[in-house]
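[1] model the following, please.
(one chain, ligands or ions: 1)
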Amino acid sequence: MINFLQILVLIFIVIVNILLLTSFYSFIRTKVPYVPSSKKIIKNLFQNYQFTPNKNFIDLGAGDGKVLFEAEKNGLIAQGYEITILPYLFYLILKFFHHSKIQIKYQNFLQANLKNADYIYCYLLPELLQSAWEKTSKESKKGTIFISNTFKLKDIKPFKVIPTESPKNKIYLYKI
Ligand SMILES: C[S@@+](CC[C@H](N)C(=O)[O-])C[C@H]1O[C@@H](n2cnc3c(N)ncnc32)[C@H](O)[C@@H]1O
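    Numbering: from 1, shown residues only. Predicted structure coming up:
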């Protein structure tokens, strides 16, 4: 006979499988896996670029909010968009423990409103990065800074490149 503990384990396994399946489905849709920016890269960015406090910093494909928590520590108003359920759930848990005000919307960033962005951060594969750039350059105000971790934009020259310890992982900054 099935006891209460076995029912709980069964429910747990079903939930984990649903989460894994939905995450896999998101990956098929977006073709961008959830790979967080490394701590070193994030540290490098905030040490080597002078951000103006109280400005809007938006992470397109924010994962669990790792970059946004650091942006908030640096005095920025940090928001993001994420469509994969697992990192989004991690964000909710981390936000609770950090007592943080960062906001991530469970939404496709290609449908987001970027009018008020001052800084846009992306860690995306080239094709989606290009779409993010096109959307940002159409919708956001002049002077918005577009930051890309690791991947360069086609045919556009960054105004600043921040090197990191790994020669492959530079941070590219562009101005709208
Ligand atoms: C490489 S991870 C980067 C996570 C985070 N920005 C960081 O640097 O730690 C890219 C994230 O973008 C999300 N993503 C991809 N396409 C998206 C879309 N159209 N709208 C919202 N999120 C998206 C993926 O689910 C994934 O979690």
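[2] what is the neighbour count of W133?
    Using other Cβ atoms under 10 Å, W133 has 21 other residues around it. Every residue, glycine included, has its C-beta placed from N, CA and C.
[3] let's have the chain start at 53 instead
    Okay, using 53 as the starting number, the last item reads as W185.
[4] which residue packs closest to it, ignoring adjacent ones?
    The shortest distance from W185 to any residue other than its chain neighbours is 5.5 Å, reached at L205 (Cβ to Cβ, 6 or more residues apart in numbering).
[5] who are the contact partners of that neighbour?
    Shown here is L205, whose contacts under the criterion Cβ atoms under 8 Å, 6 or more residues apart in numbering are L181, Q182, W185, Y224, Y226.
[6] tally of neighbours for the first one?
    If you count neighbours by other Cβ under 10 Å, L181 ends up with 24.
[7] any idea which element it lies in?
    Assigned by DSSP states H and E, L181 falls within helix 178-191.
[8] summarise which helices and strands that helix is packed against.
    Secondary structure elements in contact with helix 178-191, counted by 3 or more Cβ pairs under 8 Å, 6 or more residues apart in numbering; DSSP states H and E, are strand 171-174, strand 197-201.
[9] parallel or antiparallel, list what pairs with the longest one.
    Sheet pairing for strand 197-201, assigned by DSSP bridges, gives strand 171-174 (parallel), strand 223-227 (antiparallel).
[10] which secondary element of this protein has the worst mean pLDDT?
    Among the helical and strand segments of the chain, the one scoring lowest on mean pLDDT, DSSP states H and E is helix 56-82, with a mean of 81.
[11] and the helix or strand following that helix with strand 197-201, angle?
    Using DSSP H and E, the next helix or strand after helix 56-82 towards the C-terminus is helix 91-100. Angle of helix 91-100 versus strand 197-201, following axes from the mean of the first three to the mean of the last three Cα atoms, to 10 degrees, is 150 degrees.
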